[in-house]
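Engineer: Give me a model of this one.
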Amino acid sequence: MGRNYKGLEWTDPSDHSLSLLRPPCRGHRMTPSDDEQYQRTTVSALERSSPDAQYIEGYSRHGFTISGNRVLGPCAVIPQALLQWNVESYRDVCVDSLALFYLLEPKIEILVLGLGDRVHRLDPNLLTFMKSKGIGLEILDTPNACATFNFLTSERPRIAAALIPPGLHSDQR
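Structural biologist: Coordinates of the predicted model:
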């Protein structure tokens, strides 16, 4: 049988003929009184802050869908336009390929660079040059660059993106 110690009884685990005296503990379960402490949650769909703002709706290894427009290959997204960006891979990103972004008026505040499947190191002189032009760079893989661009666009109007589709020339690492 079981042993008794200070009013508690336990059984020998090897003796399967003995029954348990109390049900097993199943962790915390919410009771109706616990549920009353919580408030209902509501969710509002995010809407664009400006109908003129560019919004990245999707991407694939072939290109992007931006504000209802399909773009094949790398693209430049600026506040009032959507352009093809003449680069093949992250290796082509240089001062000349970014000239569009520092020549814009009004000046952009942040350029989000999406460099494909993963983040790649760029020439430190390029980063210094863009900083001297007053443009902050966010260098990310393309999926995160798309999300970051959409978030920043809702916060600030002077954001641009330079995006290379993920999977495009992914063998160049």
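
Engineer: Next secondary structure after the longest helix along the chain?
Structural biologist: If you go by DSSP state H, the chain has its longest helix at helix 142-155. Next along the chain after helix 142-155, taking DSSP states H and E as the criterion, comes strand 159-164.

Engineer: Strand partners (parallel or antiparallel) of that following strand?
Structural biologist: Sheet pairing of strand 159-164 (DSSP bridges) gives strand 75-78 (antiparallel), strand 110-115 (parallel).

Engineer: tell me the most buried of those strands?
Structural biologist: strand 110-115 (a mean of 25; mean count of other Cβ atoms under 10 Å). Just so you know, the C-beta spots here come from the backbone N, C-alpha and C atoms, and that holds for glycine as well.

Engineer: related to what we said a few turns ago, outside of the longest helix of the chain, which residues touch it?
Structural biologist: 46, 48-49, 53-56, 59, 64, 77, 110, 112-117, 138, 140, 159, 161, 163-166 (Cβ atoms under 8 Å, 6 or more residues apart in numbering).

Engineer: Would you tell me which of the strands paired with strand 159-164 gets closest to Ala99?
Structural biologist: Ala99 lies closest to strand 75-78 among those, at 10.7 Å (Cβ to Cβ).

Engineer: Now the next helix or strand after the closest one: average pLDDT?
Structural biologist: Per DSSP H and E, strand 75-78 leads on to strand 81-84 as the next helix or strand towards the C-terminus. On average, the pLDDT along strand 81-84 is 93.

Engineer: pull the CA atoms of strand 81-84 into CSV?
Structural biologist: In CSV, the C-alpha atoms belonging to strand 81-84 read as follows (Å, rounded to 0.1, in the frame of the first residue of the first chain):
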residue,chain,number,x,y,z
ALA,A,81,7.5,57.1,-59.4
LEU,A,82,8.4,53.5,-60.0
LEU,A,83,11.4,52.9,-62.2
GLN,A,84,13.5,50.0,-63.5
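
Engineer: so what strands line up beside that strand?
Structural biologist: Strand 81-84 has these strand partners (DSSP bridges): strand 75-78 (antiparallel).

Engineer: mind checking pLDDT for Arg29?
Structural biologist: 49.

Engineer: Also Glu155?
Structural biologist: On the pLDDT scale, Glu155 gets 82.

Engineer: burial measure for it, as a count.
Structural biologist: Around Glu155 there are 9 other residues, counting by other Cβ atoms under 10 Å.

Engineer: how much space between it and Ile110?
Structural biologist: Distance, Glu155 to Ile110, by Cβ to Cβ, to the nearest Å: 10 Å.

Engineer: now the strands for the chain?
Structural biologist: 3-5, 8-10, 56-59, 63-66, 69-72, 75-78, 81-84, 110-115, 136-140, 159-164 (DSSP state E).
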